[in-house]
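A.B. asks: Build the 3D model from these lines:
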Amino acid sequence: MPKGVVEIEPDGIPNARGIPLSNTQYNVLYHHALVHYLQGEWTQAERLWRECLDYADNADLQVAARDWLYMTLRRRGDAAAAAAVVAAIPRDVEVIEDHAYLPRVRLYRGELSPEALLGEGDDRMQLVTQGYGVANWYLVEGQAERAADVRRRVLATGAWDAFGYLAAEADSHRLK
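C.D. replies: Predicted coordinates for the structure are as follows:
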């Protein structure tokens, strides 16, 4: 549960329902965890993702933090803990903003195929987000060449300002 007062963070771009979903504490922890993840510091990232969940007071925040925590745990080699993290998300969960993370969670749970996530759409940000999740999934499933191929697709988008792009770039350098 949250520690202290939770400060709602004003949204730069309101969602379809006009409901602010993020809070300052969550955002600080999320981005701090992401830095450790990008550096391959799985233990530190895990600790921060778990703390982030203390401030994830809606489905969108839960899905996003649990997605990254799942990937962190898989990179650490703890498939059982990773499965438990995404199993905690109800099958009928409704997200308002984080539509890109939910399909990744469904991939991790075996409900969707990697091909279903990659699709043939024109949305490069969707490709970057879905692509990185798929690349990481291939990697932890022992399919390094497929992972590298998807990372190359992600990097070919040039979407350097997306977390999936940054993670694909970091992995590409680390896994050479």
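A.B. asks: Give me the domain ranges for this protein.
C.D. replies: 21-99, 113-176 (automatic domain parsing).
A.B. asks: For L107, which of these is the nearest?
C.D. replies: The closest of the domains of the chain to L107 is domain 113-176. By Cβ to Cβ, the value is 5.8 Å. (Glycine included, C-beta is placed from N, CA and C.)
A.B. asks: How far away from the center of its chain is the closest one?
C.D. replies: Remark: domain 113-176 is offset 12 Å from the chain centroid, using Cα atoms, centre = their mean, to the nearest Å.
A.B. asks: Okay, now the unreliable bits of the chain?
C.D. replies: Along the chain, segments meeting pLDDT under 70 span 1-6, 9-15, 120-122.
A.B. asks: Can you report how many residues neighbour R153?
C.D. replies: 16 (other Cβ atoms under 10 Å).
A.B. asks: Please list all residues in contact with it.
C.D. replies: If a contact means Cβ atoms under 8 Å, 6 or more residues apart in numbering, then R153 has 118, 127, 131 as its contacts.
A.B. asks: my read is the second one is in a strand, agree?
C.D. replies: No - checked against DSSP: H, G, I helix; E, B strand; the rest coil, L127 lies outside a strand; its state is helix.
A.B. asks: If anything else comes up later, I'll come back, but that's it for now.
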